[in-house]
Structures are given as structure tokens and as C-alpha cells.
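# How does the following fold in three dimensions:
(chains A, B and C)
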Amino acid sequence: MPFTADLVCRDLTKEFKGFRAVDHVSFDVPQGSFFSILGPSGCGKTTLLRMIAGFQFPTSGDLLIKGKSMIDVGPNKRPVSMVFQHLALFPMMDIGKNIGFGLRQRGVPAAEIKQRVGRVLERVGLPGIENRQVSQLSGGQKQRVAIARCMVLEPDVLLLDEPLGALDLKLREHMKIELKALQAEFNTTFVYITHDQSEALVMSDNIAVMNKGKFDQIGTAKELYYEPANAFVAGFVGDANRFEGKVTAINDRLVTIVTDGGITRQAQAAAELPIVGQRALAFVRPEAIQLSKTAYDSATHPNASAQIVDSVLFNGANSVVLLRDPQSGETLHAGLPQTGDFLGLGKGETIHTNWHATQARCFVAEGH
Amino acid sequence: MKLGLIATSALIAALSTTAVSAETLRLLTWGGYAPEDVIAIFEKETGHTVEVTTSNNEEMIAKLRATNGGGFDLAQPSQDRITSAQEEFGIYKPIDMSRVDAAQFIPSMLAATATNTTFEGEVFGLPHVWGTSGLIVNTAKAAQVTDYVDLCDDSVAGNVSYRLKRPTLIGFAFSMGLDPFAAYSDVDAYQGVLDQVEAKLTECKPNVKTYWDGGDEIQNLLRSGEVVAAMAWDTGGWQLNADNPDITFVAPKAGALGWIDTFVLPSRGRADDAAYDWINFVMRPEIASMITNTAGNFTAAVGGDAEVSADLKARYQGSFDQAAIDNIKWYPPVPAGLETLEGATLDRINAAK
Amino acid sequence: MVTDRSKLGFYLLISPLLLWLVTLIILPHIGLFAVSMSEKVGVREYETGFGNYAVFFNEPLYWRTFARTALMSISTTVLTLLLGFPIAYYIAKLTRGRTKTTLFLMCLIPFWVSELVRTFGWMILLRETGILSNFLQYIGILAEPVEFLYNDAAIMVGLVYTSILFMIVPLVTTLDSLDDSLIEAGYDLGGSGFSILREIVIPHAMPGIVSGCIVVFMLSLGNYLTPILLGGKDSLWFTGLIYTQFITRFNWELGSAFGFLLLGLSSAVVFLGLKLSRQSLSNTMGR
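This next block holds a predicted model:
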């Protein structure tokens, strides 16, 4: 059986007056997977989603769902459903009517609608709330009703437009897990757009990082985190310290750069190998930075340095210490393990840092 | 010091006497009866000031009724509408003939008006402007219209207009060979007349383009040619004749309907001095001529036609030969209560399809 | 102490409203009602009773005139809604920024001149020697002049024109508050344009529709100039009857009774309309 993806985009492009919102985007989403499009606001992800839903027409390119082109199909005829940013539940209808709306449009008999609405409400864990009004539900319940309203139609693809944005932090954390569980429950293809990397990383099977209308990288959460394809992905996905400077030496894939503040750093070249004299960027994750009260041997530890503590941001297991290089003034933040050694660390103290060059990523700086 | 005090008091005294004798005359009248230039001369001569409100018979009575005869110092309703309104609402006060320069009035008109406006032995009205209602005909298109009922002729179907008011009922009644004025005293007989007129006007309704309401409206309809024959006031016909010689006022065979607009004093008027001053002023021959030239109608002033323009006189003579003048049907006073019957008749004609 | 003070503040705040209600609304109505209850039996002789009200029901002319006025006002309301809704939808949903303001202002422009001038404008257009008749002759549709004025259709045109703004404003306001994503969600779930209009847009706009309809109905019912001027010889209108009773018949008693009947009957029609559309007055007017 040949493999067909539920959703395929081929060179999808959307141009507004003199501005390309979506620029030759291609990707496949296999059946039953959770696909996220992650990008900062204004990157074109909403336009892309609206093209998939059918609210906007691509300037060029093709869009296939279950192997069929959707270019000439109206939004009300596509086998996709969308959960809107503010959910767009119909306040003029009760919950049962809301969920039954799509079935009514298809001419499904009333008795069957009732039955299917009841079943889908059970599956989202809200049985028997058909007669309640939208305003009587909590934020999380509305979320589940919005998903139920789409899922009752058994769409091939469910689109989600930052649906967690309006929720408070605690609920958002909870809904991340729940959404993933619902996706597994329905085994439907989810396409989820967000600017919040933690949502994407937690829930997705695959993530596309979108920037300026283009996909910079598509991969699993781990791949994006550990193997970023370019500087933008490295900076945008996860937390990272960033250095910029001039390449002074290259040894195999090990690049030595001198930052503008005059500090020497070593990092592994990620993709394109820079040449000596070129400007380059280096990224290192806070948790990759080792802390020590005693100095490292700089001969064997090329990234070792002494830093002064600026402040300690206590956040339980995610505590961070902000450091400043006494010579260059460059700042650095590092994960602060809550294990005895550094419990008493205070502002103004000196501490030694180091990381392995293989855990730092080097990219050629754009425009140089 | 003393001298100064005396001088000041004298000045104050002088000022206050002029203030007492100079009044504001609130005049409730018809358009054209109080032209700007006439007011200017009057104000200069007497020191009074004049505030003019233009209106029509029904609104004059309604306004005075609403204030129980207050708000105005002199009004000018038609002579046939005075006694009934006085009987019902008591909104006028009698005329003090000693303060009127009776020699300025044409004696026969003064006497006739006095007779028609006498209520409980007292005279309430003095004649001012008189005129007639009859037909305005576009002779090039509808020369065959010579009487009120001719407006219902097929040859002018859809190009006819008249008012839906009591003069129309009266005119048609005469034209149908009835005598509505003779039936005034007998309510049943009058209802009989009204019923016949109602039938005629209902039958005539498809002929009518629209019922006109204001003088400008009917002139406009006639001037544009949309209406070729109408029942209307004589002055309107003469004004149109000045622009288009084909259109003129025609005294109907059954007789034009003659009306006289009067001077009456509202019962709670405050400026009687100014009111009498105005009456004696506008009845002067030269002032009367000025009013005739703007209003288009002649006045009851002796010699009031002396300085009237020759054109107007010629048009008047063209419309009225001596027989037509003799045939004018002058409105007698309307007995109280008849207007209710007429109103019901007019409502039914208006509602008829 | 504090409550006394706040009570004083409350009464001070409410006093202009009370003053307005009592002197301009309640007192005149009491006076009018007293007049309507006095039956004229002779010259300057009156009796108290419901005779004037009985006249309305006993004389077919009067209640037929009311029925005609009410029916034409309802037709005007429906027509205004049908015309105003697409305009309001266009302004609220399909335009933005300056275009929106411009369109809204264009709806307002006719209201910068008096109703009389507006009505005369229609007379110039529709009369036999008017612009429309001449134009249709010029392009060869008509062989000879046709009178478009002085019929019920002309009255309706004038009334719709006069009142359409009062339909558009509440509709634009309610449609503006309809989240675009609700319409998109409707399409996304497979709805057709018609079903979205019926199930989402209209239910949302219902308070605006009803308040617009009430205002337009009342304006049409209470209009005096437009029916008289544009209707010509068939211009029977209930307000015209009231005017005639007051001014030309000197029959204030019947006029007052008609005034109260107009108030009562029009309220009944509005109440019926609210019941039929399952809206409440507070829901529609309270926004």
C-alpha cells in the first residue's frame, strides 16, 4: 500500500500587495500525527493555516488532502475542521446545537445527530451537557467543546489556531497534555499553529519552524532542539546563549571564534562550515553549561571562564543564574542545579563556567 | 444738583410715556396681508413694533383656542368663521367702534360684515381684504371648464385639482343646483346637501391628480401643465396669468364664492391700542393699495383701488363682468356644529377609493 | 450619615430625569386623557365618558384608516429591513477604516436637510413632469409622461428613505459586534451562506433587527409630512386624521382620543412583534 499523507502542501505561496506572507512552503503530514507550525507572530503561519482551511486562496502551489487537490474547494466543502483562536463557539446556540451544527448542514437525521453529539461529548469527557449555554462553561470545557464540535464531523485534518492562547498558565499546561491525549483518542491528524515553543515541543510528533514565510526546519522536537538547522531555529526553539564574533580557526568541524568582547569560544559547526575571517554565531543551551567553584584548566577546557553572578532567578528545578564576564561585560545564563553545591550562591560572587564545544552550535552569520 | 435731579426725572418720565404708548402688536394674519414696507411705515409713524404670524382660518382658530384667546393682539379670520368660534370657545372681544375710523371703510361692506359677525348683540369683526374662490383654467387645454362640476368631465381626467376643504363642498353644491347657504339653518337639510356633494366628489375622485393644500402648490401644478383646471383662489389665477396668458381665473357659472377676511380682537390680547392703530393705518387708501398689490386681492378701504396696478385691475375685470360680480355667493356665517358634519363628509371622500 | 448623603446624591442625579418625565411626558398625557374623556353634547357643554373612543370603533372610516396606516408602516418596516440589512452587513463586515466611515456618512447625508426638503426632492423626481418620467421617456421606455407621485408606492418610497438610517445604525452596531470567526467557523463546519445567515448572523443581529424595526415602525406610523405630500389624494394617514381633528375640525376631544388610541394600538403592535420574534424590550433597547 503506497503511503499517502493526510495533508500535502506543494510550493504553497501567498502574496499580498508586494509582500509574500507564505513563500514556497512544502510539507507532508502523515495520517494520525500531530504536526505543529511554530513561529513568531507575523511569520505567515496564520495565513498558511487559513489557506489550508480554505479562507484564503494560495497565489500559487498546490494543497492536497488525502491525495485530492483542495485548491478549488470551498471552506465548507473541505474535509478539514478548525478550532479557532477564540474557539468561535456560537453563543446563540446551546452546546448540543453547537456541536450538531455541522451535522445539520450535512442533513443528518435529528435522531442520529443527537446520538453522535452525545457520543462525542462523552469522548471529550463532558457527557450530558447538551442543554447548557456556552457562557456557563469554563475555559477548559469550552476548549473541549470546540474540539468536539469539529471531531463530530470526523474530519481528515483538524486545524488548531493557537487555541490555548487565551487560557491562564495553569490551565494551558493542563490542556497541553489533554490535547495530546485527545489526539491519540481520535487518532486524527492535527495541524497546530503556535508561537509558544513549549506547546509545540510537548505535543508534536513533528514541528515546522516558520520564519518570514518560509519553513526553516521540519523535524521532531528533539531534532529541532539538539540539531537546529540554522541560527534562527537555534535561537527560537528552546533557550540559548548567543555569541557573535569572527572565526579565527577551524579544526575539522570545530570552529574557534573571538567575540566582539574579545573572548575566545569554541563550537561545533552545525551545517555550512564557515571560513576563517567570516562572522559567525554560536549558541549554547543553559543546561549545557557546567558550573564550578574552582577554576577549570583553560588548556583542556577552551570554553572555560570566570564569571560574576548578576542575579539568581529561582524557579525550582528550572532555576537560572545570570552571569557577566568581568572583562567583556558579555552576559550568560546557565541552569542552576538545585543540588547543594550552589544553594548559597549570591550576587557578586565569582563562579567558573565551562561547556563542551560539541554542545555548542556554530552558524555562519547571515548577510556576511 | 437739584436741577440735575429734576432733569433726570423729566427724562425718565418722558421715556416711560413713550414706552407706554409704544406697544408690540402680535398680528395673526394671512401671507401678504402685512407686507414689510407697510410694517416699516407703520412702525416709524407710531413707534409700535409688529410681529407677524401667517396662518389660515382653521389654524388661527386652533391657535387662539389653545391659549383661550391669548398670544395675539389682532387676528384676521374670514367673516363667516367668527360667530361660531365665538359661541364655542369665546376667543374674541367686541370691537369698540368709537376707536375705528369708519369713514375709511366701504359702507356696504362694513355693514355686511357687522351683520355677519354680530354675536349676542355685539360686533366682533371689521372687513379688510376680500376675494373669491372659483376656477383657474388653462384655456388652451381646458376651455370647456366653466363650472365646478366641469372638473369632473372626462376630457380633463387626471389633470384636475381642488382642495379637500369646505369651499369645495359649497362650490360643488351650487354647481349641482343646490343652495347650501339656504340649508345652513336646517341640519337635516344640510346633511342632505352634503350627501349629494359627497356622492359627486367621490365619483369625481379618479379625475383628480391630487388635492392641493397650499397656494404655491396649486400654482406649481398649473404652471407645469400637470393640472389644467382647478378650483382655487382668484389671486392665484391672476398671478399665473402674468406669466402665461392662457391661464387665468374664471368666475364659474354657478357663481364665485366670496369671502371677506376681517379684523378681530383676541379676547386676551394685550395691545388694543396698537391693534386699533394698525386697523386705521392699513385702511388708508394708499396703504390699502400697497396691500392689494402684494396680496393680489382688493380691500374694503374707500379708494383702496386707486393706486392698484393697472395690470391687476385689467385681470380682475377680465374675470368678472358685472353679471359675475352680482352672482358672487358671499359666505354667510357658519352655524356652530355644521363644520363637524362637513368634516365627516370630507373624511369619507378622502378615504374613498 | 453616609447613606443619607448617597441618597441625596441619588435624588439629585435622578431629578432631571424625573422632571423631564413628569413635565414633558406624564402631565401632557394626563391632560390629553382628560380632554379625550369629555364628550361634546352641545355648545360649550361636555360630559365625561368613553364616547370619543366609541366613535373610533363605530366609524369604519377611522379604524380602517388606522389599519391601513399600521399595515403600510409594517410593510415599510419589512422593506426597510430587507434593504437596510445588506447595506448594514456590507458596512459592518466587508469594509474597514475610511471606507466604513465614508459609507456611514453617506447614509447620514440625507439627514442634514429637513424632512420637508427631502420629501420635496422625491416630488421633483417622481412627478409627471419630473426627472424619472422625463428620463424614461428619453431612453424610450415610456411613450408619454407618467405620474409616479400620489400613490401608495410613492408613500412607501418616501417612508423607507426617511427611516432607513434608523434601521442601518442599530444593525451596523450589532453586526459589528459579531466576531468574524463565528462566520468562518460556520463555513468551516460545512454551513452554506444561507444557513449561516439564518443560524448565526440573524440570531446574533436579532436585538438590532428588532430595535431597528420598532424605531422604523414608530417613525412611519407617526409620520405626517411624507404620506400627505407624496400620497396626494389617497394619502389617508392616521396622524393626518389627528391633525384634522385638532386643527380643522376644532374637535380636540376626538383628536385626543385618537392620540391615545394611536399610542395604545401601536404599543400593541410592537408588543406583538416582540412576542413573535421572542425578544424582550430590555434586550433590544437596553444595549
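# B:Glu307: neighbour count?
14 (other Cβ atoms under 10 Å in any protein chain shown). Yep, even glycine has a C-beta here, placed from its N, CA and C like the rest.
# how far away is it from chain C?
Applying Cβ to the nearest Cβ, to the nearest Å, the value for B:Glu307 to chain C is 36 Å.
# Number of residues surrounding the residue of chain B found nearest chain C?
Chain C sits closest to B:Thr210 of chain B, with a gap of 3.4 Å, by Cβ to the nearest Cβ. Counted by other Cβ under 10 Å, the residues lying close to B:Thr210 total 25.
# that's a helix at it, yeah?
No - applying DSSP: H, G, I helix; E, B strand; the rest coil, one finds B:Thr210 to be strand, outside a helix.
# Read off the pLDDT value for the closest residue to it other than its chain neighbours.
The shortest distance from B:Thr210 to any non-neighbouring residue, by Cβ to Cβ, 6 or more residues apart in numbering or on different chains, is to C:Gly232 (3.4 Å). On the pLDDT scale, C:Gly232 is placed at 82.
# and C:Gly232, which of the three is it?
Criterion first, three-state DSSP; result for C:Gly232: helix.
# residues in contact with it?
B:Lys209, B:Thr210, B:Tyr211, C:Leu149, C:Tyr150, C:Asn151, C:Ala154 (Cβ atoms under 8 Å, 6 or more residues apart in numbering or on different chains).
# and C:Leu71, helix, strand or coil?
helix.
# just for chain C, where's the confidence low?
Low-confidence segments of chain C (pLDDT under 70): C:1-3, C:284-287.
# what does it have sitting close to chain A?
Proximity of chain C to chain A (Cβ under 8 Å from any Cβ of the partner chain) is limited to residues C:179, C:181-182, C:184-192, C:195, C:199-200, C:203-204.
# List only buried entries from the residues you listed.
C:181-182, C:184-191, C:195, C:199-200, C:203-204 (16 or more other Cβ atoms under 10 Å in any protein chain shown).
# quick revisit: ok, now how distant is the residue of chain B closest to chain C from A:Tyr296?
107 Å (Cβ to Cβ, to the nearest Å).
# residue contacts, the residue lying closest to B:Ile41 once chain neighbours are set aside?
Spatial nearest neighbour of B:Ile41, chain neighbours left out: B:Ile287 (7.4 Å); criterion: Cβ to Cβ, 6+ apart. Counting by Cβ under 8 Å, 6+ apart, B:Ile287 touches B:Val38, B:Ile41, B:Phe281, B:Ala301.
# who wins for neighbours among those?
For the contacts of B:Ile287, neighbours tallied by other Cβ under 10 Å; top is B:Ala301, 25 neighbours.
# Whichever residue of the stretch 101-250 of chain A sits closest to chain B is in what secondary structure piece?
In the stretch 101-250 of chain A, the residue that lies nearest chain B is A:Arg104 (48.4 Å; Cβ to the nearest Cβ). Here A:Arg104 sits within helix A:95-105, counting by DSSP states H and E.
# isn't B:Lys93 right up against B:Ala275?
No - the pair B:Lys93 / B:Ala275 is not scored as a contact, 10.4 Å apart, by Cβ atoms under 8 Å.
# who touches both of the two?
B:Leu265, B:Gly269.
# which of these two has more neighbours?
B:Ala275 (26 against 17).
# hmm, back to that, so which of the residues of chain C next to chain A are in helices?
Using DSSP state H, the subset of those located in helices is C:Ser181, C:Leu182, C:Glu184, C:Ala185, C:Gly186, C:Tyr187, C:Asp188, C:Ser195, C:Pro203, C:His204.
# Show me which pair in those is furthest apart.
Spanning the widest gap among those are C:Asp188 and C:Pro203, at 18.2 Å by Cβ to Cβ.
# Determine how far the last residue of stretch B:53-61 lies from the first.
Length of stretch B:53-61, first residue to last, Cα to Cα, to the nearest Å: 13 Å.
# ignore the last one, stretch A:285-295
End-to-end for stretch A:285-295, by Cα to Cα: 21 Å.
# Likewise for stretch B:61-70?
11 Å.
# outside of that stretch, which residues touch it?
B:28, B:55, B:71-72, B:75, B:77, B:81, B:85, B:89-93, B:266-269, C:246-247, C:250, C:252.
# Just to be sure, which of those residues are found in strands?
Of the contacts of stretch B:61-70, the ones assigned to strands by DSSP state E are B:Leu28, B:Ala75, B:Tyr92, B:Lys93, B:Pro266.
# Redo the residues you listed as CSV? Include distance to A:Phe283 and pLDDT.
Shown next, in CSV, are the ones in strands among the contacts of stretch B:61-70 (distance: Cβ to Cβ, whole Å; pLDDT from 0 to 100):
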residue, distance to A:Phe283, pLDDT
B:Leu28, 95, 96
B:Ala75, 99, 96
B:Tyr92, 105, 96
B:Lys93, 106, 95
B:Pro266, 100, 96
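# who wins for most neighbours among those residues?
B:Ala75 (29 neighbours).
# Now for that one: which residues touch it?
B:Leu27, B:Leu28, B:Thr29, B:Met60, B:Leu64, B:Tyr92, B:Phe263, B:Val264, B:Leu265, B:Pro266.
# 10 Å instead, please
Applying Cβ atoms under 10 Å, 6 or more residues apart in numbering or on different chains to B:Ala75 gives the contacts B:26-29, B:53, B:55, B:60-61, B:63-64, B:69, B:82, B:91-92, B:125, B:261-266, B:269, B:275.
# Look up how far A:Ala249 lies from it.
Taken as Cβ to Cβ, the span from B:Ala75 to A:Ala249 is 114 Å.
# do A:Ala111 as well
77 Å.
# Quick check: phi and psi at A:Ile207.
Phi and psi for A:Ile207, reported as degrees, to the nearest 10, are phi -130, psi 140.
# Name the residue of chain A that lies nearest to chain B.
A:Met92 (45.0 Å).
# Please, where are all the strands along the stretch 1-150 of chain C?
Secondary structure of the stretch 1-150 of chain C (DSSP state E, counting those that start in this stretch): strands at C:38-42, C:45-48.
# of all those strands, which lies closest to chain B?
Comparing the strands of the stretch 1-150 of chain C by Cβ to the nearest Cβ, strand C:38-42 comes nearest, at 8.7 Å.
# Give me the domain ranges for chain B.
B:2-130+B:259-322, B:131-258+B:328-351 (automatic domain parsing).
# Which one of those lies nearest to A:Leu48?
Closest of the domains of chain B to A:Leu48 is domain B:131-258+B:328-351, at 65.9 Å (criterion: Cβ to Cβ).
# Wait, A:Ala221 touches A:Glu227, no?
No - judged on Cβ atoms under 10 Å, A:Ala221 makes no contact with A:Glu227 at a distance of 11.1 Å.
# Between those two, which is the more surrounded one?
Set side by side, A:Ala221 and A:Glu227 show more neighbours around A:Ala221, with 20 against 15, by other Cβ under 10 Å.
# show me what contacts the spatially closest residue to that one that is not a sequence neighbour?
Residue nearest to A:Ala221 in three dimensions, not counting chain neighbours: A:Leu201, with 4.4 Å by Cβ to Cβ, 6+ apart. A:Leu201 makes contact with A:Ser36, A:Leu38, A:Lys176, A:Ile207, A:Thr220, A:Ala221, A:Lys222, A:Leu224, A:Tyr225, A:Val237, A:Gly238, according to Cβ under 10 Å, 6+ apart.
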